[in-house]
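Enquirer: coordinates for the following, if possible.
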Amino acid sequence: MDGRITVDGYNAEGFELHTHGGAPDPEAICSIVYRLDRAADSMALLEHMQKSIQTAINSEHDSCMKTERKDEI
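Expert: Numbering: from 1, shown residues only. Down below sits the predicted model:
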């Protein structure tokens, strides 16, 4: 385990999280590796990561909507 925890996320008929001490699974939708001695810091960072991902998704969605509107004209 080397003082690190890996959390792999999947979506197979619902969300699943697998927590283990190995390397991230390349088949997972997303994986996170954190140090046990920095778990509290990792949790705080996850909130910022979620906001950043949502901002990127919103931006991409807005960009796609603008492209669709141009195609309709």
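Enquirer: in this protein, which residue is most central in space?
Expert: Centroid check for the chain by CA atoms, centre = their mean gives residue 30 as the closest residue, at 5.1 Å.
Enquirer: what residues are up against the spatially closest residue to it that is not a sequence neighbour?
Expert: Leaving aside its chain neighbours, residue 30 sits nearest to residue 9 (4.9 Å; criterion: CB to CB, 6 or more residues apart in numbering). Yep, even glycine has a C-beta here, placed from its N, CA and C like the rest. Neighbouring residues of residue 9 by CB atoms under 8 Å, 6 or more residues apart in numbering: 15-17, 28-31.
Enquirer: in TSV, list those residues along with pLDDT and secondary structure.
Expert: Listed next are the contacts of residue 9 as TSV, based on pLDDT from 0 to 100; DSSP: H, G, I helix; E, B strand; the rest coil:
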residue	pLDDT	secondary structure
15	92	strand
16	95	strand
17	94	strand
28	97	coil
29	95	coil
30	93	strand
31	94	strand
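Enquirer: top of the residues you listed by number of neighbours, please.
Expert: residue 28 (17 neighbours; other CB atoms under 10 Å).
Enquirer: you'd agree that residue is up against residue 12?
Expert: No - contact status for residue 28 versus residue 12: not in contact, 10.7 Å apart, counting by CB atoms under 8 Å.
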